[in-house]
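Peer 1: Show me how the following folds:
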Amino acid sequence: MSDEDGYTGPATLRTDDREFAVTVDLRGHFQPIDGYYRWYGRVSAHPEVSAALGGKKARATLTTPEGSAQGELTDPDPWDRYRITGTSTPPFAVATEPGAAPEV
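Peer 2: Modelled structure (predicted):
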(Lines give C-alpha, C1' and ligand atoms only; values in the text may rest on other atoms or scores of the structure.)
Protein backbone atom coordinates (compact mmCIF):
# COMPACT_ATOMS: atom_id res chain seq x y z
CA MET A 1 0.00 0.00 0.00
CA SER A 2 1.30 3.45 -0.90
CA ASP A 3 0.91 6.58 1.21
CA GLU A 4 0.92 8.70 -1.96
CA ASP A 5 -2.00 9.89 -4.06
CA GLY A 6 -1.65 10.98 -7.66
CA TYR A 7 -2.86 11.75 -11.15
CA THR A 8 -1.41 11.18 -14.62
CA GLY A 9 -3.11 12.61 -17.68
CA PRO A 10 -4.34 15.74 -19.44
CA ALA A 11 -4.47 19.11 -17.69
CA THR A 12 -4.77 22.82 -18.37
CA LEU A 13 -1.90 25.01 -17.21
CA ARG A 14 -2.56 28.73 -16.78
CA THR A 15 0.24 31.25 -16.23
CA ASP A 16 -0.61 34.95 -16.17
CA ASP A 17 -2.84 35.37 -19.22
CA ARG A 18 -1.68 32.26 -21.15
CA GLU A 19 -3.33 28.84 -21.10
CA PHE A 20 -1.79 25.56 -22.30
CA ALA A 21 -3.17 22.05 -22.80
CA VAL A 22 -0.52 19.81 -21.20
CA THR A 23 0.03 16.32 -19.84
CA VAL A 24 1.09 15.94 -16.20
CA ASP A 25 2.32 13.27 -13.82
CA LEU A 26 1.46 14.30 -10.23
CA ARG A 27 1.86 12.81 -6.78
CA GLY A 28 1.15 14.05 -3.28
CA HIS A 29 1.08 13.19 0.39
CA PHE A 30 -0.08 14.56 3.70
CA GLN A 31 2.78 15.85 5.87
CA PRO A 32 1.71 15.16 9.47
CA ILE A 33 4.50 17.23 11.02
CA ASP A 34 3.20 20.54 9.66
CA GLY A 35 -0.35 19.45 8.77
CA TYR A 36 -0.16 20.32 5.06
CA TYR A 37 -0.87 18.27 1.97
CA ARG A 38 2.02 18.65 -0.47
CA TRP A 39 1.62 17.80 -4.14
CA TYR A 40 4.25 17.83 -6.87
CA GLY A 41 5.05 16.47 -10.30
CA ARG A 42 6.15 17.19 -13.84
CA VAL A 43 4.55 18.88 -16.80
CA SER A 44 5.50 16.99 -19.97
CA ALA A 45 7.74 18.86 -22.39
CA HIS A 46 5.70 21.49 -24.24
CA PRO A 47 7.37 23.92 -26.68
CA GLU A 48 4.89 26.75 -26.01
CA VAL A 49 5.30 26.49 -22.22
CA SER A 50 9.08 26.54 -22.65
CA ALA A 51 8.90 29.59 -24.93
CA ALA A 52 6.57 31.45 -22.55
CA LEU A 53 8.58 30.74 -19.39
CA GLY A 54 12.11 30.74 -20.78
CA GLY A 55 13.38 28.42 -18.04
CA LYS A 56 12.20 30.68 -15.20
CA LYS A 57 9.97 30.06 -12.18
CA ALA A 58 6.32 31.06 -12.43
CA ARG A 59 3.10 30.88 -10.44
CA ALA A 60 0.45 28.81 -12.22
CA THR A 61 -3.00 27.31 -11.92
CA LEU A 62 -3.23 23.65 -12.86
CA THR A 63 -6.63 22.16 -13.69
CA THR A 64 -7.35 18.46 -14.23
CA PRO A 65 -10.70 16.73 -14.67
CA GLU A 66 -10.52 16.12 -10.89
CA GLY A 67 -9.85 19.68 -9.66
CA SER A 68 -7.86 22.89 -9.83
CA ALA A 69 -5.04 24.29 -7.67
CA GLN A 70 -2.43 27.02 -7.48
CA GLY A 71 1.18 25.92 -7.76
CA GLU A 72 4.67 27.00 -8.72
CA LEU A 73 6.54 25.95 -11.83
CA THR A 74 10.29 25.68 -11.36
CA ASP A 75 13.30 25.17 -13.61
CA PRO A 76 12.87 22.55 -16.33
CA ASP A 77 14.84 19.30 -16.24
CA PRO A 78 17.18 18.24 -19.09
CA TRP A 79 14.15 16.88 -20.99
CA ASP A 80 12.38 20.26 -20.79
CA ARG A 81 9.75 19.07 -18.30
CA TYR A 82 8.86 21.73 -15.76
CA ARG A 83 8.44 20.69 -12.13
CA ILE A 84 5.26 21.90 -10.44
CA THR A 85 4.66 21.97 -6.69
CA GLY A 86 1.83 23.07 -4.46
CA THR A 87 0.62 23.01 -0.87
CA SER A 88 -2.89 22.22 0.34
CA THR A 89 -5.75 21.09 -1.89
CA PRO A 90 -4.28 19.35 -4.98
CA PRO A 91 -5.71 19.38 -8.51
CA PHE A 92 -6.60 15.68 -8.23
CA ALA A 93 -8.76 13.46 -6.04
CA VAL A 94 -7.27 12.08 -2.82
CA ALA A 95 -8.34 9.38 -0.41
CA THR A 96 -9.69 10.82 2.84
CA GLU A 97 -9.19 7.58 4.81
CA PRO A 98 -6.20 5.22 4.66
CA GLY A 99 -6.95 2.45 2.15
CA ALA A 100 -10.07 4.24 0.84
CA ALA A 101 -10.70 5.14 -2.80
CA PRO A 102 -10.01 8.78 -3.75
CA GLU A 103 -12.91 11.19 -3.66
CA VAL A 104 -13.54 13.23 -6.80
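Peer 1: Return the residues in contact with Val24.
Peer 2: Val24 makes contact with 7-11, 13, 41-44, 62, 64, 84, according to C-beta atoms under 8 Å, 6 or more residues apart in numbering. (Glycine included, C-beta is placed from N, CA and C.)
Peer 1: Which residue comes closest to it once chain neighbours are left out?
Peer 2: What sits nearest to Val24 in space, not counting adjacent residues and going by C-beta to C-beta, 6 or more residues apart in numbering, is Ala11, at 4.6 Å.
Peer 1: Name the helix or strand for the one you found, please.
Peer 2: Assigned by DSSP states H and E, Ala11 falls within strand 5-15.
Peer 1: quick one, strands of this protein?
Peer 2: Taking DSSP state E to define them, one finds strands in the chain at 5-15, 18-31, 36-43, 58-64, 67-76, 82-87.
Peer 1: Mean pLDDT and distance to Ala95 added to those, as a markdown table?
Peer 2: Output for the strands of the chain, formatted as a markdown table (pLDDT from 0 to 100; distance: least, C-beta to C-beta, whole Å):
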| stretch | mean pLDDT | distance to Ala95 |
| --- | --- | --- |
| strand 5-15 | 95 | 6 |
| strand 18-31 | 95 | 10 |
| strand 36-43 | 96 | 11 |
| strand 58-64 | 97 | 16 |
| strand 67-76 | 95 | 14 |
| strand 82-87 | 97 | 18 |
